[in-house]
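Engineer: Predicted model and sequence below, questions to follow.
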Amino acid sequence: MIPAAEPIGPAHALMPTPIYFARRGATMAGGAPELHRNNLARKLLQI
Amino acid sequence: MNLDAMDLTTDEIAFRDKVRRFYEDNLTPEMRRAAYVTCWAFSEFEYARQWQKILHAHGWGAPNWPVEHGGAGFTARERIIWEIETARAHPPGINRMGQNFAAPCIMRFGDDAQKKQFLPPILSGDHWWAQGFSEPGAGSDLSAIKLSARADGDDYIVNGSKTWTTSAHFATHIFLLARTAIEEDKRKGLTVLLVDMDSPGILVRPIINIAGEHDFNEVFFTDVRVPRARRLGDENDGWRIAMHLLTFEHGAGTARIGFELRRRAASIRAIAHAESDGHGARLIDDPDFSRKLGLLEISVEAANAVAEALVLGAAAGAAPGPEHTLLNIRNREIDQALTELAVEAIGYYARPISARRAK
Ligand SMILES: Cc1cc2nc3c(=O)[nH]c(=O)nc-3n(C[C@H](O)[C@H](O)[C@H](O)COP(=O)(O)OP(=O)(O)OC[C@H]3O[C@@H](n4cnc5c(N)ncnc54)[C@H](O)[C@@H]3O)c2cc1C
């Protein structure tokens, strides 16, 4: 399983991938952006 | 946003320096490391709780709360300074589910006994809250909640399950949205319960993410008895309370988020100076990559300019409007694009690996 591997590469290469996956989730919590866009559009168009 | 935009008064500069000193004096190297390797919220729980206790000892356990409940009594502008300096110092995450979500709802809808029982331990870090809203069939459509709470004497009996429950594995309490009645309008018939996580009948099962981290969980409830005294607000009025909570979820920390997006962009630029483009040249000199980064940096600056106007406007007394929601959506999109570009920048090293393995 990949997560059991040891880190490789320079220090700056350690965090981007875990952060990418975590932020992907965090930016969806409480409703994904596209959903809020739809809600706003409905409100503006009064539909 | 940053503090340059604020034209600080002498008192505000003194306040900023006090906050900076506080962080310098109290954040240990271990805490800084714990914060650095935490991607999502508060995986390094012991450090997070320790940090909350330090904040509390300084009277800054929940600076934005009303003073009568233990808030720090900051002015609106001091709050902005606090948020930005906090982002700069990058301490371990606090229990946002307790402090920013459960607590404001308890303040608004709770009775005196609930306020007395629950607010002080959130402040001190003795209670740690999880948010029990999402279910396997109720995410974006929150009103589809099925977990049921049936009245039985002085109790409710709770059955069902929640999912994606962040920090349920070390939470002492959960803020639960449950169905108490079936109505045609699904938003009716929901009720909020304040539940002890050590109640008999609760089972927490970890969800491990692709990087091997354990941040969230499935939580199963089987005939869990919850006293009626633990109902927040009226029966079947849970939707209104949930919406009150979600306005905090969407609105919190605008100044901090802008600062963090800038930091993310700057770190990609630093990586692109260090990494090669695969043909011996620096990645930053690759026209395609630098164009993408440049466009994102412009988006970050634009979002920060809007944040600045909104945050300073709110501090001067302007009522919050839909612009906050718009900015929130934009920030999330920029956040996604930045983290994706960071992965592109590190090329072959971009494996889903737990940051906690760092030496
Ligand atoms: C890291 C993380 C932590 C979380 N922590 C918690 C927590 O502590 N407590 C809690 O209760 N919940 C938590 N959640 C759950 C979160 O609130 C839900 O993931 C979110 O509401 C989305 O629901 P869902 O996952 O069921 O996705 P779905 O609702 O199934 O959505 C899947 C996709 O379909 C799209 N979609 C759905 N409906 C529409 C529509 N009407 N229009 C356009 N597109 C649509 C969405 O945008 C998304 O892309 C967490 C989630 C994550 C990722």
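Structural biologist: Structure's in. What do you need? Numbering: from 1, shown residues only, chains lettered A, B, ... in the order given.
Engineer: Mind checking what secondary structure the residue in the stretch 51-200 of chain B that chain A sits nearest to has?
Structural biologist: For the stretch 51-200 of chain B, the residue closest to chain A is B:S140, as judged by CB to the nearest CB, at 5.3 Å. (Each C-beta comes from the backbone N, C-alpha and C, glycine too.) Assigned state for B:S140: coil (three-state reduction, DSSP: H, G, I helix; E, B strand; the rest coil).
Engineer: what sits against it?
Structural biologist: By CB atoms under 8 Å, 6 or more residues apart in numbering or on different chains, B:S140 lies in contact with A:31-32, A:35.
Engineer: From those residues, keep the buried residues only.
Structural biologist: Among the contacts of B:S140, those scoring as buried are A:31-32 (criterion: 16 or more other CB atoms under 10 Å in any protein chain shown).
Engineer: Out of the contacts of B:S140, name the ones that lie in helices.
Structural biologist: Secondary structure assignment by DSSP state H places A:L35 of the contacts of B:S140 in helices.
Engineer: got the contacts of B:S140 as a markdown table, with pLDDT columns?
Structural biologist: What follows is these, written out as a markdown table (pLDDT from 0 to 100):
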| residue | pLDDT |
| --- | --- |
| A:G31 | 80 |
| A:A32 | 85 |
| A:L35 | 87 |
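Engineer: and the contacts of B:S140 near the ligand, which?
Structural biologist: Restricting the contacts of B:S140 to those touching the ligand (CB under 6 Å from any ligand atom) yields A:31-32, A:35.
Engineer: what are the ranges of the helices in the chain?
Structural biologist: If you meant another chain, say so; for now it's chain A. A:16-26, A:33-45.
Engineer: My question was about chain B, not that one.
Structural biologist: With DSSP H, the ranges of helices along chain B come out as B:10-26, B:29-36, B:45-57, B:76-89, B:96, B:103-109, B:112-124, B:238-251, B:254-274, B:287-315, B:322-346.
Engineer: Mind giving me the packing neighbours of the fourth one?
Structural biologist: Contacting helix B:76-89 under the criterion 3 or more CB pairs under 8 Å, 6 or more residues apart in numbering or on different chains; DSSP states H and E are the following elements: helix B:10-26, helix B:254-274, helix B:287-315.
Engineer: right, so those helices: which one is the most enclosed?
Structural biologist: helix B:254-274 (a mean of 20; mean count of other CB atoms under 10 Å in any protein chain shown).
Engineer: hmm, stretch B:176-190 in reach of chain A?
Structural biologist: No - Stretch B:176-190 does not reach chain A (CB under 8 Å from any CB of the partner chain); its nearest approach is 13.1 Å.
Engineer: For that stretch, the averaged confidence score.
Structural biologist: Confidence over stretch B:176-190 (mean pLDDT, whole number) is 95.
Engineer: In contact with B:R256, which residues?
Structural biologist: With CB under 8 Å, 6+ apart, B:R256 has these contacts: B:83-84, B:86-87.
Engineer: what about the residue nearest to B:A76 when sequence neighbours are not counted, distance to B:R79?
Structural biologist: Leaving aside its sequence neighbours, B:A76 sits nearest to B:A315 (CB to CB, 6 or more residues apart in numbering or on different chains; 3.6 Å). Remark: distance between B:A315 and B:R79 (CB to CB, to the nearest Å) = 8 Å.
Engineer: picking up where we left off before, now render the helices of chain B as CSV, adding mean pLDDT.
Structural biologist: What follows is those, written out as CSV (pLDDT from 0 to 100):
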stretch, mean pLDDT
helix B:10-26, 97
helix B:29-36, 86
helix B:45-57, 92
helix B:76-89, 90
helix B:96, 86
helix B:103-109, 95
helix B:112-124, 97
helix B:238-251, 76
helix B:254-274, 92
helix B:287-315, 92
helix B:322-346, 92
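Engineer: May I see those helices arranged in JSON lines, with distance to B:D215 as well?
Structural biologist: As requested, the helices of chain B are exported to JSON lines (distance: least, CB to CB, whole Å):
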{"stretch": "helix B:10-26", "distance to B:D215": "25"}
{"stretch": "helix B:29-36", "distance to B:D215": "14"}
{"stretch": "helix B:45-57", "distance to B:D215": "10"}
{"stretch": "helix B:76-89", "distance to B:D215": "21"}
{"stretch": "helix B:96", "distance to B:D215": "13"}
{"stretch": "helix B:103-109", "distance to B:D215": "21"}
{"stretch": "helix B:112-124", "distance to B:D215": "20"}
{"stretch": "helix B:238-251", "distance to B:D215": "17"}
{"stretch": "helix B:254-274", "distance to B:D215": "18"}
{"stretch": "helix B:287-315", "distance to B:D215": "26"}
{"stretch": "helix B:322-346", "distance to B:D215": "16"}
